[in-house]
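Trainee: no letters, just coordinates:
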């Protein structure tokens, strides 16, 4: 090969070594190229035979090699002018042939000539930026000062450019540029876009002047352009009538001056933000004139105004848009006065503009005309409860009383309209929904009283309402019921939850029997005239006891007053002398100040301890205490606050007619006192949503799910640096309170079983409460099942209760007594044939529970649990008489069972289509799926479950507890077989479920588990962010926070999650989020000043939560001053929170200890 003449001045390919300019080689002579390379390349990686590296690399799959080479060729063509002399690598035999290289060189020459003819300057200077492109941690390519035993490396499965550049090749990094429609016109489109695409495609490390001035697509310049209202955006319009599709169809690009406002086929329309606002405003105006009764249309028009306001930078423009939104909603509410959604949206808009007093007046005006709306009352109560300046416990009680009386009156009115005669065999669905809303408002009142420190009043409210609505005598008017209930409440009769409680109606019957018995005894003791009239006192003795004439009654009254006054003075002097001995002047009470924060810490601990102990209402010793006397002495005697009189509960009593509302009241009562109860409602119901919004601490069910998620996330990490959300909400030891509370719940549930006979949910709750009252809360290991005696007592009273047998057998299996559990199940299933026909449909639940217990008890492969489960399901599917297990079922029995399941599911489709869905039908579907999983595999089981979802309408699925249970079972089966399924199928199923049940903890738990195992954390974060915007809920944010803490996420990320969650109008009043935020800043971030700021924000948003106030005393005593703590206690008294401990008690105790 011949060498080309070296130019006088040239830029080396390696600018760090300009003192050794390399010779220019012709690519046609490989031998000379190799010999020359040995003269100027000092690194051994360039003197090594390249065929060795090529042979090693060609063993692996490199699919991007051709594409990468083509991109390199393009860059070399564009930057020819400023590049130094090029050196062609000697090709190895494994690469392309010499003919192919020859054709490539000819193409390069043609492209080079074409570039030179256009005269465009090169867009990138390799010589100036190559050294800066290389990573600083890699050696120089030639004349390296450092030596290494191994001077070259290659990644056998990676990109060979990484070896050369020390990082990802810059041309492999995606570059983006904003679309500019003005440059898209004519036939030069591809040439122009090619040139535009390379304008800013320079290396960021080179700090090119054009790059600094222009910037990338995320730079400040393009961000400002994106926000500009005149920026033209592309909008694709689909054809009104889709035509015939062919391979030649394409979306035409509009010209610069083309008018594409009216299109009849697929086209692209360019419009700015102002054009879009005008267009959508015209569309909304037209549609609202045509369909004024369409509520969704008005709501969409109002939501569009929020989007317009978000694009406006000036506050005045945003206020004008808000006024426009309010006028739209006012017009909509005028045309649709009964629409609750429109009124709620209107009041939320008023809340953004008006002051608190004006807003309250508007709320009162709306509630006067819509007094029977539960949604409006619930929202109004939330608004007033969250206003710090107006909040007082007494004012909130009045508002709750008005809400309950208005909703109760609406229920009575609707009931009389639907059933004028009063004899209602069935309750109207509208009345059921109204009564359910009334129960939710009552539960909200009880939560307010409990969280404000009035635990005795909350318990008394539950006792009074359950007795009044579920155990009232029949055939009485409302006035008669209240008069008799006042007599019952003022007597010494045991109330629900107390030992010996019988129920109000039963107590009245026994009281009437005793009265009649006494009357008959008095009648029998009447003596005839002329007989002995009894003992009498002599005249002289009676005269001795007469009052002397010289002493008048006034003198006696004055003397008694003087005696009492002297006693009071003596007692007062004793108290004053004790306080003076401590250095406390009672007369100067306002000047007394606590001098140490430890005193306030002791006070808060004593307050918390008394709150845990004093939650049951007390009874007056005399049996009759007047309300006036109680209120007069309330300031002197703190125990009177624990005595709940009839006047304290009378304004909140109401009657319930529907079975659903009564069951909701009892279920929420059990859940209120942290009882273990099965899922009692759908997570989309208002009851569940209100419960999650008012959480102060984690309930047991949610705590168990978060623990499982924490274990899954920590199990994958090698060195976990994680924090559990449970640790942020640690509380004092309340085992004594829990034990007493479980006894109270057990007694109450057993009494409620008289109103709900054979209800397996209440029976299970009673058995679990019995267990927890006798053992620790988390104890599982026990030789004898603690609830065995209670279960046997209940079975003696009703031997035909199959579901009670199933619940009892499940508890035996839970404590490890599997043999005893099998005996109970076998006894119950064998006796089905002899039971009445109305009891037999319950068998499907019993069979399903038995099969689940057997599969859960499968510790080893040699266990017979799997054949036992197949035998149980075969008996259910075939409809044969149940016999205890003797051996694995035959193929014929399995075939009959499969056909039986198909026939029974086909019969269920007709009843489900009418909306009749119960627990037994859901258990039958689950049993059929479980049978298919054991016999045919998971594919057939999933097919059965997916088919069952198509048997009902989508809207009905959202509000059915049974269908939600079915979907959770479907997700559990997917997760159980995740090793054999695609992760995308499981992910799609869970995401689809969250669209239907966005407040379900089970689905959130499955989402975290699956995504943590099979996807990146960012994908899970995106999913959480998406659902927190669509359906914000406490559940979603708790799981998002728990995931970040379990994975050891950054403090900025976790703090941002807290702030975003608390920015929401609904979640702003969530006590549990505020408490977690305070504890995170204090213990994890170790920033007590930030915790103090969060604490003050928290009590301003949730002034009713006494536990939140006490968190400041207990956890922030190191940062809060004595003056601040004293002021906090004064504010608590102003807000009328129940404070049980006086600070003087703590001071006296400290003095005695000293």
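Mentor: Alright, I've got the coordinates. Here the structure is a predicted model, which is why all the values come from computation and not from measurement. Numbering: from 1, shown residues only.
Trainee: on the three-state scheme, the closest residue to residue 685 other than its chain neighbours is what?
Mentor: Distances taken as C-beta to C-beta, 6 or more residues apart in numbering put residue 959 closest to residue 685, at 7.0 Å, once the chain neighbours are dropped. All C-beta spots, glycine's among them, are computed from the backbone N, C-alpha and C. Put simply, residue 959 is coil when judged by DSSP: H, G, I helix; E, B strand; the rest coil.
Trainee: what's the local residue count around residue 959?
Mentor: Other residues within reach of residue 959, judged by other C-beta atoms under 10 Å, total 12.
Trainee: what do you get for residue 617?
Mentor: Counted with other C-beta under 10 Å, residues neighbouring residue 617 total 23.
Trainee: for residue 226, same thing?
Mentor: Burial of residue 226 is recorded as 12 neighbouring residues (other C-beta under 10 Å).
Trainee: ok, it to residue 112 distance?
Mentor: 38 Å (C-beta to C-beta, to the nearest Å).
Trainee: can you read off the pLDDT for the residue nearest to residue 685?
Mentor: The score at residue 959 is 90. That number is its pLDDT.
Trainee: the nearest residue to residue 391 once chain neighbours are set aside: neighbour count?
Mentor: For residue 391, the nearest residue in space outside its immediate sequence neighbours is residue 1103; the separation is 4.6 Å by C-beta to C-beta, 6+ apart. The criterion is other C-beta under 10 Å. On that basis, residue 1103 has 26 neighbouring residues.
Trainee: who's in contact with residue 1103?
Mentor: With C-beta atoms under 8 Å, 6 or more residues apart in numbering as the criterion, the residues that contact residue 1103 are 388, 391, 1135.
Trainee: got the phi/psi numbers for the second one?
Mentor: Backbone torsions of residue 391, given as degrees, to the nearest 10, read phi -70, psi 130.
Trainee: counting neighbours, what do you get for it?
Mentor: Residue 391 has 18 neighbours, counted by other C-beta under 10 Å.
Trainee: do I have it right that it meets residue 382?
Mentor: No - between residue 391 and residue 382 there is no contact under C-beta atoms under 8 Å: 11.9 Å.
Trainee: how far away is residue 377 from residue 1068?
Mentor: Using C-beta to C-beta, one gets 20 Å for the distance from residue 377 to residue 1068.
Trainee: who has more neighbours out of the two?
Mentor: Between residue 377 and residue 1068, residue 377 has the larger neighbour count (other C-beta under 10 Å), namely 26 against 15.
Trainee: tell me the secondary structure at the more buried one.
Mentor: Each residue gets one of three states, and residue 377 gets helix by three-state DSSP.
Trainee: thought it was touching residue 444?
Mentor: No - under the criterion of C-beta under 8 Å, residue 377 is not in contact with residue 444, lying 9.6 Å apart.
Trainee: in stretch 852-861, what counts as buried?
Mentor: Using 16 or more other C-beta atoms under 10 Å as the burial criterion, the residues of stretch 852-861 that qualify are 852, 853, 854, 857.
Trainee: Throw the residues you listed into JSON lines and include secondary structure and distance to residue 487, thanks.
Mentor: As requested, the buried residues of stretch 852-861 are arranged in JSON lines below (DSSP: H, G, I helix; E, B strand; the rest coil; distance: C-beta to C-beta, whole Å):
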{"residue": "852", "secondary structure": "helix", "distance to residue 487": "49"}
{"residue": "853", "secondary structure": "helix", "distance to residue 487": "49"}
{"residue": "854", "secondary structure": "helix", "distance to residue 487": "54"}
{"residue": "857", "secondary structure": "coil", "distance to residue 487": "54"}
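Trainee: from the residues you listed, pick the one nearest residue 1020.
Mentor: Each of these was checked against residue 1020 using C-beta to C-beta; the closest is residue 852, at 29.9 Å.
Trainee: per-residue pLDDT, that closest one?
Mentor: Model confidence at residue 852, given as pLDDT, is 94.
Trainee: gap between it and residue 1108?
Mentor: Look at residue 852 and residue 1108: by C-beta to C-beta, they are 41 Å apart.
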